[in-house]
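A.B. asks: following is a predicted model, sequence given first.
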Amino acid sequence: MEIEPIDGPDVLLNGVVDPTRLDELGRLLSYLGLPYVLELTDENNTLVREIRG
């Protein structure tokens, strides 16, 4: 995972996550009190799943 600054107060986390652990990452971010949007894309960069918290 890479942490990339973007305009405004948000931060972009960019990288590869095991798709079976996406919910676990969401729970961790929620536990830390951080709002988030997680997007899972396939090899063609097509959105497969999105989680908001």
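C.D. replies: Done, it's in. Numbering: from 1, shown residues only.

A.B. asks: from residue 9, how far off is the residue positioned nearest the centre of the chain?
C.D. replies: Compute the mean C-alpha point of the chain, and by C-alpha atoms, centre = their mean the closest residue is residue 38, 3.1 Å away. Separation of residue 38 from residue 9 (C-beta to C-beta, to the nearest Å): 18 Å. Every residue, glycine included, has its C-beta placed from N, CA and C.

A.B. asks: quickly note the distance from residue 17 to residue 7.
C.D. replies: Taking C-beta to C-beta, one finds residue 17 at 24 Å from residue 7.

A.B. asks: thinking again about what came up before, the residue nearest to the centre of the chain touches residue 24, doesn't it?
C.D. replies: No. Between residue 38 and residue 24 there is no contact, the gap being 10.7 Å when judged by C-beta atoms under 8 Å.

A.B. asks: who has more neighbours, residue 17 and residue 7?
C.D. replies: Higher neighbour count among residue 17 and residue 7: residue 17, with 13 against 5, using other C-beta atoms under 10 Å.

A.B. asks: contacts only, for the more buried one.
C.D. replies: 1, 25, 40 (C-beta atoms under 8 Å, 6 or more residues apart in numbering).

A.B. asks: equivalent analysis for residue 41, please.
C.D. replies: 47-48.

A.B. asks: partners of it in the sheet?
C.D. replies: Beta-bridge pairing for residue 41 (DSSP bridges): residue 47.
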